[in-house]
Structures are given as C-alpha cells and as structure tokens.
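A.B. asks: Following is a predicted model, sequence given first.
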Amino acid sequence: MKKRLSFKQRRILAGYLFSLPFLLGFTLFFFYPFIQAFIFSFNELVISREGFVLNFKGFDNYGYILNVHPDFLRIFVETILDTITNVPLVLAFSFFAALVLNQRFKGRFLARTIFFLPVILSAGIIIQMDIDDMVTQLLHGARNAELIFTGVGLRNLLMNTKLPEGFIEFILGAVDRIPDIIRASGIQILIFLAGLQSIPPSIYEAADVEGATGWESFWLITFPMMSPIILTNAVYTIIDTFLTTTNEVVMLVRDEAIMGAGYGVSMAMAVLYFVMILIILGITIKVSSRWVFYQE
C-alpha cells in the first residue's frame with residue numbers, strides 16, 4: 001500500500017506545480033536565449049548555407065562598442081539618465097491619479113477608463129495602424145500652445161524665481177515629458193488602485209476617531225501600507241522603460257544585428273545593457289528596503 005502524502009508535502013507539491021509554467025517559460029524564453037546571446041557576444045557570427053559559424057574574438061566586441069562605436073556610449077548614458085528622470089515622475093503621477101480615482105465621485109468608472117486609454121492606444125497592434133497621424137492632427141493646436149508655454153513663458157517665469165538652474169531644467173524637462181508620462185502610467189495606476197482598495201477602511205475610521213488629519217492619514221497609513229506596491233511599480237516601470245520598443249538602445253541593438261557590425265557586436269550591446277538593468281534594479285530594491293513596510 002502506497003504511503004499517502006502529508007498535508008505539508010501536498011502543499012509543497014502544489015507549489016512546484018504552480019511554479020512549473022513560469023520555470024518552463026523562464027528557461028525556454030529567457031535563460032536559454034540569454035546564455036546564447038552571452039556566447040555570441042564573444043564571437044563573430046558568420047551565417048552560411050549550413051547554418052552559422054562562430055569565430056571566437058574574446059572581448060573585441062566589447063572593446064569595439066566601448067571605445068570605437070560612435071553612438072553606443074552616448075545613447076547608453078542618455079537612456080540611463082532618461083530612465084532615472086522618468087521613473088520617479090511616472091510613479092508620482094500614477095500614485096496621485098490613483099489617489100484621485102480611488103475617491104467616491106460620479107463618473108469615476110469613466111475617469112478610470114480615460115486614464116487607462118493610453119495603455120490601449122500604445123499597444124503594438126494599434127501602433128501599427130496610422131493612428132499617430134490622427135492624434136497629431138487632433139492635438140496640433142494644443143501642442144503649439146504647449147510649445148509656446150514651455151519654451152518661453154514657463155522658462156521666464158522660473159528664471160524670475162531665482163531658483164537653481166539645475167532645478168529649473170529638471171522642471172522644464174518634466175513638463176516636456178508630460179505626454180510620455182501619461183502614456184506610461186496606465187498599468188501603474190491600476191496596480192496602485194488595487195493596493196489602495198486593499199487597505200481596510202477601519203484603519204482610516206480609527207484614525208478619524210483619534211483626530212488625525214487627511215495629511216497625517218496619508219503619511220502614517222496610506223504611504224507605509226502602499227510602500228510594497230510602490231516598490232513593485234518602480235521595478236515594473238524601470239523594466240518597461242528600458243525595454244520599450246522605442247528605446248534608443250533597443251533600436252541600436254536591432255539595427256547593429258541587421259545592418260551594422262553583426263550579431264556579435266549587437267549581442268555585446270545587449271549583454272551590457274542587461275547587466276546595467278540588473279544593477280539599477282538591485283540598487284532600487286536595496287535602497288527601498290529601508291522604508292518598505294510589510295504588514296504581517
């Protein structure tokens with residue numbers, strides 16, 4: 001007679017079964033391609049009728065992209081700086097929008113739909129249609145007004161405040177990024193909304209009884225309990241920003257593979273880019289672990 005599994009063993013087995021699809025997908029679609037790309041980055045790949053042949057070049061491909069390639073380092077650094085600027089702006093906007101949309105008011109479901117529309121409009125199947133031309137024509141007048149305001153009026157206004165020049169440039173850059181920030185915030189708004197709705201109302205009721213203001217409730221209740229969600233959205237936003245198809249490094253990697261120096265150089269760029277993403281994610285998680293609050 002076979003011995004029956006204990007409850008703990010059944011739970012462990014169930015956990016492995018639920019993890020199996022992820023493990024298979026991770027191995028087939030990420031780990032194996034990454035190992036292959038890593039190998040290609042140390043070789044020159046020559047395609048022939050029989051397949052492809054690898055000619056080992058050591059670190060020559062890495063030396064080429066770091067010391068010889070005219071555009072890689074510049075685009076690489078600009079992409080990192082843009083990400084460091086965009087991620088806090090996307091998180092701040094999406095958190096603020098989620099706080100507003102979480103309130104009870106007439107038409108809030110319509111408002112939530114409007115905020116999520118940029119995600120639908122930015123989907124690949126929609127982008128392939130010539131929708132950009134229609135949007136450009138519809139927003140032509142608004143964009144002209146925006147350019148006038150941000151290009152002259154806002155700069156002069158901020159200059160008169162005697163603020164540091166670096167801070168003024170940051171504000172102007174943030175204003176210029178408003179359309180991109182809104183378009184990149186749809187998923188984050190939904191995640192923040194789910195987190196806000198998971199906070200028990202009884203906690204806020206107890207705070208009201210104790211005489212806490214809305215400001216105090218936000219910083220002492222909402223923000224600490226939302227900190228794990230903020231970290232999740234930060235990780236998602238970093239990855240999404242780095243890997244979007246309009247990212248200049250991603251386009252450069254693709255162009256080098258197809259029309260440039262070949263797959264070896266292209267894979268060296270991809271590996272360096274991937275390592276930088278891991279470093280930034282590691283720093284983000286390490287720094288945020290000091291203020292993330294996990295409710296037991």
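C.D. replies: Arrived safely, thanks for sending.

A.B. asks: Roughly how far does I238 sit from L190?
C.D. replies: Separation of I238 from L190 (CB to CB, to the nearest Å) stands at 18 Å. Where C-beta positions appear, they are placed from N, C-alpha and C, glycine not excepted.

A.B. asks: Check V90 too.
C.D. replies: When distance is defined by CB to CB, V90 is 13 Å away from L190.

A.B. asks: how far is stretch 167-182 from where the chain is centred?
C.D. replies: Averaging C-alpha positions (CA atoms, centre = their mean, to the nearest Å) puts stretch 167-182 17 Å from its chain's average.

A.B. asks: List the buried residues in it.
C.D. replies: I168, A174, R177, D180, I181, I182 (16 or more other CB atoms under 10 Å).

A.B. asks: For those residues, work out which two are farthest apart.
C.D. replies: Within the buried residues of stretch 167-182, I168 and I182 form the most distant pair, 22.4 Å apart (CB to CB).

A.B. asks: What ranges does the stretch 51-200 of the chain have for its helices?
C.D. replies: Per DSSP state H, counting those that start in this stretch, the stretch 51-200 of the chain carries helices over the ranges 60-67, 72-101, 108-121, 124-127, 131-138, 140-148, 154-160, 165-176, 178-183, 186-197.

A.B. asks: which other helices and strands contact the second one?
C.D. replies: Under the contact criterion of 3 or more CB pairs under 8 Å, 6 or more residues apart in numbering; DSSP states H and E, helix 72-101 touches helix 60-67, helix 108-121, helix 165-176, helix 178-183, helix 186-197, helix 223-243, helix 248-258, helix 263-288.

A.B. asks: Among those, which comes closest to A98?
C.D. replies: Nearest to A98 among these is helix 186-197 (3.4 Å), distances taken as CB to CB.

A.B. asks: What residues sit buried inside the closest one?
C.D. replies: G186, I187, Q188, I189, L190, I191, F192, L193, G195, L196.

A.B. asks: So for this structure, the centremost residue is which one?
C.D. replies: By CA atoms, centre = their mean, the chain has its centre lying nearest to T237, at 2.1 Å.

A.B. asks: Low-confidence regions, the stretch 151-296 of the chain specifically.
C.D. replies: Applying pLDDT under 70 to the stretch 151-296 of the chain flags residues 151-159, 162, 170, 173-174, 260-261, 295-296.
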